[in-house]
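>>> Just need the structure, nothing else, for what follows:
(chains A and B)
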Amino acid sequence: MAQGPTPQIMRQGRLAPWMYLAPAILVMGFFIVYPMFTTIYLSFQNKDGTQAASTTCVEGRPCWGVFENYRYALTAELDPSSLQSIWQTFWLSSYGNTIKWILLMVTGTVSVGLLFAVLAERTKYETLAKSIIFMPMAISFVGAGVIWGFVYNYGAGVEQVGLLNAIITGLGFEPVAFISTRGINTIALIVVGIWIWSGFCMTVLAAALKSVPEEILEAARVDGAGEWKVFLSVMVPIIMPTITVVVTTMVINVLKLFDIVYVMTGGNYDTEVIANRMYTEMYINFNTGRGTAVAVILVILIIPFIYMNIRRFLEQEAMR
Amino acid sequence: MNREKINRFFNRLPLHVAVIGLMLIWLIPTIGLLVTSLRPVQAINTNGWWKVFAASPGEQVYDQYCGECHGQDGALISTADLSDPVVIGEYPRSIQLLAMLRRDIDGQPHMGEIPFPSAQEAADIAVQLKAIAGGESIPRLTLNNYIDALVGYRGTNNYLADCEVGLLASGIECNLSDLLNPRGMGRAFINSVIVTVPATILPIMFAAFAGYAFAWLDFKGRYWLFAILVGLQVIPLQMTLVPISRLYAQLGLNGTFLGVWLFHTGFGMPYSIYLMRNFLGTLPRDLFESAYLDGASHWTAFYKLAVPLAMPAIAALAIFQFLWVWNDLLVALVFLGGNNPVMTYQISNMVSSLGAGWHLLTAAAFLSMILPMIIFFAFQRYFVRGMLAGAVKG
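Model (predicted):
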């Protein structure tokens, strides 16, 4: 492992390692591994976990037997009357919104992070600039929700106290109800996410950029490449492995993101996402079966990334 | 400045504009929160926070219609002294004020050549007159929102004013015990500290043990056990909440601090072990070998050698875990709820029950941000190091 086999000189009892590991393994087993299996089991049960899910089927309605909770979780938000209505309702459902979150937030945070890492490096106030972009990482999602709720504030009167609507009306346009207008609201929430997480992407990418050898960049410049060309065809390819790590990390973060939606809209006005829906089904509608089914779907979406993480770890270990 | 320098300045101008522009976009929302939290509630709903030092609508209209004759302070005409509360008391509303303006004074129209104000403008003037007469002058900045948020005051006036006249709202005692009012942010702050400190120390302790075993002890299956750990890092909280809350209900742990400490410890574990093991694994091998040669046991090597040397990693982890637990909402919502409300819970509750009570919301949000901000700016180096060293958690 870390540095080859442990030498003979490090004597140890056979039980010693397990004594060091016991507290960690106990709490992890109890709080992560055991509940995972129970959650899977409960997702096939009814709303209080006392009978099989198939007992909740209603005559004459569609039913998937033991997978009834999954039928609900996957299709309840859709309007099945026509293909077109399915398509439309899908993009306002928790799944459609989660896809929007992943696409917009990951591209948003990674591009802002990369751009800022490259630009700030050329200024004398790099540290200050990076601190400011990174600062929202210290703020809770709840705090960020309040901060941006006020920026998005919509007043019916003439005087807008929300910054964004004051700018919009100042330019002569009608004020926008950012939180309750469909289509706009999810994007407004994603902007909050970008504001929080860009600092993370910037920091990781800046560290990677610093490790790009200066000679390679100089060589490209001597060959007559402009700054953009150096950035796109030299820097980006070299730090591509880091970009991949950042992107996968962000996708996982977005899938699990619950607080912003919970605080700013509570999933209303068609802003629901998978992570918040699990909470709604479980702790507002008190339906254990449906809540756990949503949780299992969430984990299934994350499994590819678990696989990628483990594979990356094994590769790193092999290189040591 | 010579020509070359000027050229260089203009070449770099777009760069500075872009960087400073982004910095401003990132900062301004938070500044808006801070400024708003310091403004009196009436002002917050009257105009935007960026106008905090601008003249209020009343001041502008007063200057336009009355200022020339009556003066800025209203005392220029001694027979009609607007700074006298008795005089102003006769015109509490815009209707009386407008009637007065239409009346002739000594056979001359009151307003002379100046046109009459509109109803809205008259109302603004009436407000300004009260301010001039010292009746209801409103300060530009105040700490009242913070006091109200801390003690959980929910009345229509403010805590200090109500207590002064002896108007006790329910649950308010008007003494220091109000800081512990279960509805207030003062109590929530204490609860957040109670939750966070053990939930930071416990996982680090356990992770130090386990990390040492993974790095320097030999046992069967340590490679695969660690690979599983890497996988567990990204398991979402949502996957385990339901069974644990059912179990906690049976054990009577719902709503207790112990339950939350344990849960955070379990979930903080994979990432903490990952970080500790990676750090401990990079320590020089000779160090440990010579210690063993000198007859040190593993236990001595652990707490006399590994732990002191791992301090940078421990610091990074501590800040990471602290911010994570302090800012967490989901776990607090499910396992603590209103029994022992922490700050994030209290704020999310205020958002849904108070609607647009921005004066309390902004103050409460800022109160919850103070401690993490201080820790963040003081130990940013360690925080960044912890983040770069590992993957993700949660």
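
>>> what does the stretch 151-300 of chain A have sitting close to chain B?
Where the stretch 151-300 of chain A comes near chain B, counting by CB under 8 Å from any CB of the partner chain, the residues are A:151, A:153, A:159-163, A:166, A:195, A:200, A:203-204, A:207, A:245, A:249, A:252-253, A:255-256, A:258-259, A:262-263, A:266, A:275, A:278-279, A:282-283, A:288, A:291-292, A:294-296, A:298-299. No exception for glycine: its C-beta is placed from N, CA and C like everyone else's.

>>> State the distance from B:Asn340 to B:Gly255.
Separation of B:Asn340 from B:Gly255 (CB to CB, to the nearest Å): 7 Å.

>>> Identify each buried residue in the helix ranked longest in chain B, please.
Identified as the longest helix of chain B according to DSSP state H is helix B:3-37. Buried residues in helix B:3-37, defined by neighbour count with 16 or more other CB atoms under 10 Å in any protein chain shown: B:19, B:22-23, B:26, B:29-30, B:32-33, B:35-37.

>>> so where's the stretch 101-250 of chain A shaky on pLDDT?
For the stretch 101-250 of chain A, applying pLDDT under 70 flags no range at all.

>>> Mind telling me what element the spatially most central residue of chain A is part of?
Taking CA atoms, centre = their mean, the centroid of chain A lies closest to A:Val254, which sits 1.1 Å from it. Assigning secondary structure by DSSP states H and E places A:Val254 in helix A:240-256.

>>> related to what we said a few turns ago, correct me, but the residue nearest to the centre of chain A touches A:Val106?
Yes. A:Val254 is within contact range of A:Val106, at 6.6 Å (criterion: CB atoms under 8 Å).

>>> List the ones among the residues of the stretch 151-300 of chain A next to chain B that fall in strands.
Under the assignment DSSP state E, those contribute nothing to strands.

>>> List the contacts of A:Leu119.
B:15, B:18-19 (CB atoms under 8 Å, 6 or more residues apart in numbering or on different chains).

>>> now B:Phe257
By CB under 8 Å, 6+ apart, the residues touching B:Phe257 are B:194-195, B:198, B:336, B:340.

>>> Can you select the buried ones from those in ChimeraX?
Entered in ChimeraX, the line below selects the buried ones among the contacts of B:Phe257, by 16+ other CB under 10 Å:
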select /B:195,198,336,340
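
>>> touching chain A at all, the longest helix of chain B?
Yes. Contact of helix B:3-37 with chain A (CB under 8 Å from any CB) involves B:12, B:15-16, B:18-19, B:22-23, B:26-30, B:32-33, B:36.

>>> what element comes up after that helix heading to the C-terminus?
Helix B:3-37 is succeeded, C-terminally, by helix B:41-46 (DSSP H and E).

>>> that older thread, pLDDT at the residue nearest to the centre of chain A, what is it?
Note for A:Val254: predicted pLDDT of 94.

>>> Likewise for B:Gly135?
54.

>>> what do you get for the one 5 residues further on?
The pLDDT attached to B:Arg140 in the predicted structure is 81.

>>> Which residue, other than its chain neighbours, is closest to B:Gly32?
Counting by CB to CB, 6 or more residues apart in numbering or on different chains, B:Gly32 lies nearest to B:Trp49, which is 5.2 Å off, once chain neighbours are set aside.

>>> burial of the one you found, as a residue count?
Neighbours of B:Trp49 under the rule other CB atoms under 10 Å in any protein chain shown: 23.

>>> hang on, isn't it packed against A:Gly162?
No. The criterion here is CB under 8 Å, and B:Trp49 misses it with A:Gly162 at 9.8 Å.

>>> need the contact list for B:Asp65.
Not Asp; residue B:65 is Tyr. Contacts for B:Tyr65 (CB under 8 Å, 6+ apart) come out as B:111, B:114, B:117, B:121, B:125.

>>> quick one: secondary structure of the second one?
In this case it means B:Ile114. Under DSSP: H, G, I helix; E, B strand; the rest coil, the three-state class of B:Ile114 is coil.

>>> quick one: pLDDT of it?
78.

>>> repeat for the first one
Per-residue confidence for B:Met111 comes out at a pLDDT of 78.

>>> close enough to count as contact, it and B:Leu101?
Yes. If you go by CB under 8 Å, B:Met111 and B:Leu101 touch, sitting 5.8 Å apart.

>>> and chain A, which of the contacts of B:Phe257 reach it?
Subset of those in contact with chain A: empty, counting by CB under 8 Å from any CB.

>>> how about the nearest residue to A:Val234, chain neighbours excluded?
According to CB to CB, 6+ apart, the nearest residue to A:Val234 is A:Ala220 (4.9 Å).

>>> B:Ala316 now?
Nearest residue to B:Ala316 in three dimensions, chain neighbours excluded: B:Gly386, at 3.1 Å (CB to CB, 6+ apart).

>>> I figured that neighbour hits B:Phe322, correct?
No. Using CB under 8 Å, B:Gly386 is not in contact with B:Phe322, being 10.8 Å away.

>>> buried set for stretch B:109-127?
Using 16+ other CB under 10 Å as the test for burial, stretch B:109-127 gives B:117, B:121-127.

>>> By pLDDT, rank those and give me the bottom one.
The lowest pLDDT within the buried residues of stretch B:109-127 belongs to B:Val127, with 75.

>>> element containing that one?
helix B:119-132.

>>> and the helix or strand following that helix, what does it pack onto?
Next helix or strand after helix B:119-132 toward the C-terminus (DSSP H and E): helix B:144-151. If contacts are counted by 3 or more CB pairs under 8 Å, 6 or more residues apart in numbering or on different chains; DSSP states H and E, helix B:144-151 sits against helix B:159-164, helix B:185-216, helix B:358-378.
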